[in-house]
Structures are given as structure tokens and as C-alpha cells.
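**Q** Fold the following.
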Amino acid sequence: MAERETLSSRLGFILLSAGCAIGLGNVWRFPYITGRYGGAAFVLIYLVFLVILGLPVMVMEFSIGRAGKQNIVGAYRNTEPKGSKWHIAGGFAVFGNYMLLSFYIPITGWLLYYFLSSLTGTFRGMGTEEVGSFFNTMLSEPLLQYGWGFIALIITALIALGGLKNSVERVSKIMMGLLFVLMIALAIHSVSLEGAHDGLMFFIRPDVGNLVEYGLGESLFAAMGQAFFTLSLGIGAMSIMGSYFSEKRSLTGESVRVVCLDTSIALLSGFIIFPACSAFGIEAGSGPSLLFITLPNVFAKMNAGSVWSALFFLAMSFAALTTLIAVFENILAYWMDMRGYTRRKATLLNIVLFLFIMLPCILGFNVLSSFKPFGEGTGIMDLEDFIVSNLLLPLGSLVMVIYCTSRYGWGWKNFLETADMGDGLKFPKKIRFYCAYILPLIILFVTIRGIIDIIF
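**A** Sure thing, here's the model as predicted:
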């Protein structure tokens with residue numbers, strides 16, 4: 001059996017993990033819920049939940065991967081008590097990776113299409129209705145969507161084919177570096193716009209009145225949910241990074257760095273969106289409309305708007321591609337670890353699989369648009385997102401927490417030994433009660449509340 005690949009550096013581990021966590025939720029969900037639930041006051045609550053909810057789960061997922069030295073299915077198999085069936089949860093996690101990419105690949109294709117359109121000045125001089133019409137026309141053309149989705153898939157597959165160290169790690173470092181440079185440049189430009197002051201103050205000056213207006217309980221739940229879902233925990237995408245990482249550094253310190261990078265992109269998106277929308281009197285929306293209708297409208301009104309639009313969609317393409325690369329790597333690891341496939345064979349197989357798997361999402365906007373799983377205005381992508389975000393991510397995380405804290409699973413002692421290997425920040429031993437009893441209840445609450453909100 002060939003020797004297992006490993007990452008070449010600590011920086012590679014941090015950036016590849018951050019690349020997986022950083023995605024479109026940082027940009028099209030975070031600004032919207034921040035705007036809805038009180039601006040800066042909401043951000044402070046969100047940061048607290050990020051530390052007490054997201055961080056412990058991330059350390060646990062990394063630890064399972066480090067101890068198991070395989071993909072999530074193999075990691076459970078290699079660490080579970082003899083005769084137990086914890087590895088079944090790994091199968092659901094792998095399914096979650098496929099489900100996530102079923103809509104993430106087409107959306108990445110949209111971003112690449114918008115980047116090219118911005119670069120060629122397509123949006124120059126367009127009004128609000130014209131920008132909206134451009135987006136709706138794209139959604140109505142399955143071949144156009146499929147073609148750009150295919151490009152996104154091939155870019156991801158070619159990077160994966162190059163190997164872990166020489167391609168996946170190296171390209172992720174470059175993309176993450178460029179993402180931060182572009183986001184910082186966009187944020188500086190946005191806050192310097194005339195009329196940006198009100199939007200900037202809303203984002204950085206806490207106003208408890210806004211929290212109370214929407215209900216403190218509602219605001220707390222929204223912060224809890226965003227803190228949990230932003231890190232892509234529960235489907236093994238982080239555990240595979242742990243399996244590639246050395247034992248020279250403790251996992252708690254590295255998790256803190258990953259969380260900080262993820263949060264910094266979310267905050268930068270706020271510094272881009274709120275001042276820019278304020279400067280041009282445009283309301284920040286949510287979901288795809290924010291990225292593909294609202295912001296192109298903002299850029300169309302700017303001086304050198306085509307340049308800033310192209311830079312923004314290039315940054316978003318990098319954010320989406322780093323997630324694709326990390327999740328695709330997790331899928332390949334399953335086929336290589338569990339089925340003995342070569343990297344080349346696993347990559348080619350999954351190119352073919354995803355050519356079919358991404359079809360329902362694309363067709364849901366046109367040919368299959370009559371299917372409305374959650375009522376008017378919803379489609380197949382909403383259903384796929386619901387399965388991943390509201391079911392597989394939280395339930396997968398719940399299993400990981402119980403697995404790492406229960407004597408019927410891997411156990412607290414084994415978890416701590418693995419998490420604390422090497423130099424760096426150690427996991428606090430005194431929070432065992434919190435991790436074993438309170439944290440699972442929080443995750444369960446977020447899951448049930450999220451399901452109720454979507455269905456009813």
C-alpha cells in the first residue's frame with residue numbers, strides 16, 4: 001500500500017482548513033443577518049458563540065482525523081471501540097460532501113461567469129432591473145450554467161490531480177493569500193466612498209436597541225446558528241485535514257487560527273457591503289440576490305465599477321474554489337483510503353459522478369422550476385442546502401461531540417491526548433461537563449429550531 005500523503009507545512013494546514021471553512025456563507029449570509037439583528041451588537045454575540053460552540057467542535061473533528069489517519073469513515077473505524085458502529089456516521093458525512101458540492105459547483109460556475117462578465121464591462125451602465133434580468137436569464141439557461149459548472153469542476157479536479165503537497169496545498173496557499181489581499185483592497189475602497197459613513201457606523205458601533213427590536217432570543221439563535229454553520233463542521237472536511245497534519249503542534253491553537261481567518265473574511269465582507277450599500281442607498285439583501293443582483297448594482301454606480309466588480313467576483317471565486325478543493329480532497333481520500341483507488345482513478349470517477357450530481361440544482365431553476373419543496377420562491381438548491389446545513393452538518397457535529405466525550409465512543413481521555421499532542425495551546429480539561437452535556441443540547445436546539453424555521 002502506498003505511503004499516505006501529508007501536508008508539507010503548518011501554514012498549509014491552517015490555510016487549507018480555513019479555505020474549507022471560508023465560503024459563500026461568510027459573504028451572503030453573515031452581512032444579511034448582521035444587518036437584520038443589530039449590526040455591531042450582533043457581531044459581538046456571534047463572536048462569543050464562535051468560541052464556545054464552533055471552536056470545541058472543530059478541535060474534536062481535527063482530533064478524530066489525526067488519530068484515525070484516514071478519511072472520516074476510516075478514522076471512525078480506526079478509533080471506535082471494537083464491535084461498535086460509529087463508522088456508520090462517516091458514511092453520512094461522505095454523503096454530505098457530495099450533497100454540498102451538488103450545489104456549490106454550479107454556484108462557483110456563476111461566480112466565474114460574473115467575473116468574466118465584469119471584466120468585459122457587461123454591467124457597465126446597467127440599471128437595477130437590467131442587473132436582475134441578467135441574473136434571471138443566466139438561471140433560465142441550463143446549458144450556460146452547466147458549462148460554467150463544468151469549468152469549476154475541471155479546475156478543482158486538475159488541482160486535485162496534482163497531489164496533496166505539490167498542488168492542493170500550494171494552490172490553496174496562493175488562492176487564500178490573494179483572497180485576503182483582494183478583500184482588504186475592496187474593504188478600504190468601500191469605506192472610503194462618499195456616503196459610506198452610516199453603513200460603517202452601523203457595522204462597528206454596537207446598538208443594543210436593534211437586538212431588542214427583533215427580539216433578544218431570536219438574535220441569540222441567529223448568532224448561534226451562524227457561528228455553527230460558518231465553519232463547515234460535521235461532514236469530515238476538517239477531519240481529513242487533521243489526518244494530514246503532523247503531531248508537532250496542538251490542535252486547539254491551530255483551530256483558533258482557522259476560526260480567526262474565517263471570521264476575518266466575514267468581517268471584511270461586512271466592511272465591503274455595508275458602507276458600499278449605504279453610499280448608494282441600496283438595501284443589502286440576502287442569499288444569491290445579494291451577490292448577483294445587489295452588489296453588481298452597487299458596482300455599476302461606482303467610478304471604475306467594472307474593475308471593482310471584477311476584483312470582487314475574483315475574490316468570491318477564490319473563496320468558493322478553496323472550499324471545492326478541500327471538500328473534493330475529502331471525497332478523494334474516501335476512495336483512496338477505503339477502496340484502494342489511485343488519486344488519478346478517484347479523480348476521474350468523481351468528475352463523471354459530479355457531471356450528473358450537479359444537474360438537479362441547475363435544472364431546478366428552469367426545467368424543474370415547478371418543484372417548490374418549501375413553497376413559493378424555493379427550489380431544488382434550497383432542498384439540497386437544507387439537507388446539508390440543517391441536517392448533515394449539525395447532526396454530524398453532534399455525533400462527533402458525543403463520540404469524543406462518551407465512554408461508549410472514543411472517549412474524553414483519548415480525545416485530549418490527541419488534541420494536545422505537540423506544542424501550543426492545550427484544550428481546557430475542565431470543560432468536560434460543558435462538552436459532554438451542554439454542547440450537545442445547544443447543537444440539538446440549533447438543529448430543531450433550524451428545521452422548524454425552514455418547514456413552517
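**Q** After the helix or strand bottoming out on mean pLDDT in the chain, which helix or strand is next?
**A** Least confident helix or strand of the chain, by mean pLDDT, DSSP states H and E, is helix 208-214 with a mean of 71. Once the chain leaves helix 208-214, the next helix or strand it forms, by DSSP states H and E, is helix 216-229.
**Q** Need the contact partners of that following helix.
**A** Applying C-beta atoms under 8 Å, 6 or more residues apart in numbering, the contact partners of helix 216-229 are 25, 29-30, 33, 36-38, 42, 45-46, 48-50, 53-54, 57, 211, 389, 393-394, 397, 442-443, 445-446, 449-450. (Glycine included, C-beta is placed from N, CA and C.)
**Q** Now it: buried residues?
**A** S219, L220, F221, A222, A223, M224, G225, Q226, A227, F228, F229 (16 or more other C-beta atoms under 10 Å).
**Q** do stretch 446-456 as well
**A** Using 16+ other C-beta under 10 Å as the test for burial, stretch 446-456 gives V446, T447, G450, I454.
**Q** coming back round to it: show the buried residues in the contacts of helix 216-229.
**A** Buried subset of the contacts of helix 216-229 (neighbour count, 16+ other C-beta under 10 Å): 25, 29-30, 33, 36-38, 42, 45-46, 49-50, 53-54, 57, 211, 389, 393-394, 397, 442-443, 446, 450.
**Q** In helices only, show me the buried residues of stretch 446-456.
**A** Counted as lying in helices by DSSP state H, out of the buried residues of stretch 446-456, are V446, T447, G450, I454.
**Q** From L416, how far off is K430?
**A** 11 Å (C-beta to C-beta, to the nearest Å).
**Q** and the two? which has more neighbours close in?
**A** Ranked by neighbour count (other C-beta atoms under 10 Å), K430 and L416 place L416 first, with 18 against 6.
**Q** So the closest residue to the more buried one other than its chain neighbours: helix, strand or coil?
**A** Excluding its sequence neighbours, the residue lying closest to L416 (C-beta to C-beta, 6 or more residues apart in numbering) is F427, at 6.0 Å. Secondary structure state of F427, per DSSP: H, G, I helix; E, B strand; the rest coil, is coil.
**Q** Surely F427 touches V59?
**A** Yes. Counting by C-beta atoms under 8 Å, F427 does reach V59; the two are 5.8 Å apart.
**Q** what sits against L355?
**A** F150, L153.
**Q** Show me where the stretch 1-150 of the chain has its helices.
**A** Counting by DSSP state H, counting those that start in this stretch, the stretch 1-150 of the chain has helices at residues 10-21, 25-28, 30-36, 40-49, 55-68, 72-79, 88-119, 128-140, 142-161.
**Q** ok so, going back, and the least confident helix or strand of the chain, what does it pack against?
**A** helix 40-49 (3 or more C-beta pairs under 8 Å, 6 or more residues apart in numbering; DSSP states H and E).
**Q** Only alpha carbons, please: show the helix it packs on as CSV.
**A** Extracted in CSV, the C-alpha atoms of helix 40-49 (Å, rounded to 0.1, in the frame of the first residue of the first chain):
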residue,chain,number,x,y,z
ALA,A,40,-22.1,45.5,15.7
ALA,A,41,-24.0,44.3,18.8
PHE,A,42,-24.9,41.1,16.9
VAL,A,43,-21.3,40.6,15.8
LEU,A,44,-20.1,40.6,19.4
ILE,A,45,-22.7,37.9,20.3
TYR,A,46,-21.7,36.0,17.2
LEU,A,47,-18.0,36.0,18.2
VAL,A,48,-18.8,34.7,21.7
PHE,A,49,-20.8,31.7,20.2
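**Q** Contacts for that helix next, please.
**A** 33-34, 202-208, 210-211, 219-220, 222-224, 226-228, 263, 267, 270.
**Q** What angle do helix 55-68 and that helix make with each other?
**A** 30 degrees (axes from the mean of the first three to the mean of the last three C-alpha atoms, to 10 degrees).
**Q** starting at the chain centroid, how far to helix 40-49?
**A** Its chain's C-alpha centre and that of helix 40-49 lie 19 Å apart, by C-alpha atoms, centre = their mean, to the nearest Å.
**Q** Any idea how many residues pack against T294?
**A** That count, for T294 with other C-beta under 10 Å as the rule, works out to 25.
**Q** same question, N26
**A** Using other C-beta under 10 Å, N26 has 24 neighbouring residues.
**Q** Enumerate every residue touching it.
**A** T230, D262, I265, A266, S269, A319.
**Q** Out of those residues, which is nearest to E194?
**A** S269 (21.1 Å; C-beta to C-beta).
**Q** quick revisit: show me which of F427 and V59 is the more surrounded one.
**A** For F427 versus V59, neighbours defined as other C-beta under 10 Å are more numerous around V59 (28 against 22).
**Q** any idea of the mean pLDDT in stretch 59-66?
**A** For stretch 59-66, mean pLDDT rounds to 97.
**Q** Could you export the helices of the stretch 1-150 of the chain as JSON lines, including distance to A284?
**A** Formatted as JSON lines, the helices of the stretch 1-150 of the chain follow (distance: least, C-beta to C-beta, whole Å):
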{"stretch": "helix 10-21", "distance to A284": "23"}
{"stretch": "helix 25-28", "distance to A284": "10"}
{"stretch": "helix 30-36", "distance to A284": "5"}
{"stretch": "helix 40-49", "distance to A284": "14"}
{"stretch": "helix 55-68", "distance to A284": "28"}
{"stretch": "helix 72-79", "distance to A284": "36"}
{"stretch": "helix 88-119", "distance to A284": "18"}
{"stretch": "helix 128-140", "distance to A284": "14"}
{"stretch": "helix 142-161", "distance to A284": "25"}
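**Q** Deepest-packed of the ones you listed, please.
**A** helix 55-68 (a mean of 27; mean count of other C-beta atoms under 10 Å).
**Q** Return the alpha-carbon coordinates of that helix using PDB.
**A** Below are the C-alpha coordinates for helix 55-68, written out as PDB (Å, rounded to 0.1, in the frame of the first residue of the first chain):
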ATOM      1  CA  LEU A  55     -14.200  26.000  18.300                       C
ATOM      2  CA  PRO A  56     -14.700  22.900  20.500                       C
ATOM      3  CA  VAL A  57     -16.400  21.000  17.700                       C
ATOM      4  CA  MET A  58     -13.500  21.900  15.300                       C
ATOM      5  CA  VAL A  59     -10.900  20.600  17.700                       C
ATOM      6  CA  MET A  60     -12.800  17.400  18.000                       C
ATOM      7  CA  GLU A  61     -13.200  16.900  14.300                       C
ATOM      8  CA  PHE A  62      -9.500  17.600  13.700                       C
ATOM      9  CA  SER A  63      -8.600  15.100  16.500                       C
ATOM     10  CA  ILE A  64     -10.700  12.300  15.100                       C
ATOM     11  CA  GLY A  65      -8.900  12.800  11.800                       C
ATOM     12  CA  ARG A  66      -5.400  13.000  13.400                       C
ATOM     13  CA  ALA A  67      -6.000   9.800  15.400                       C
ATOM     14  CA  GLY A  68      -7.600   7.800  12.600                       C
END
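**Q** Alright, I will stop here.
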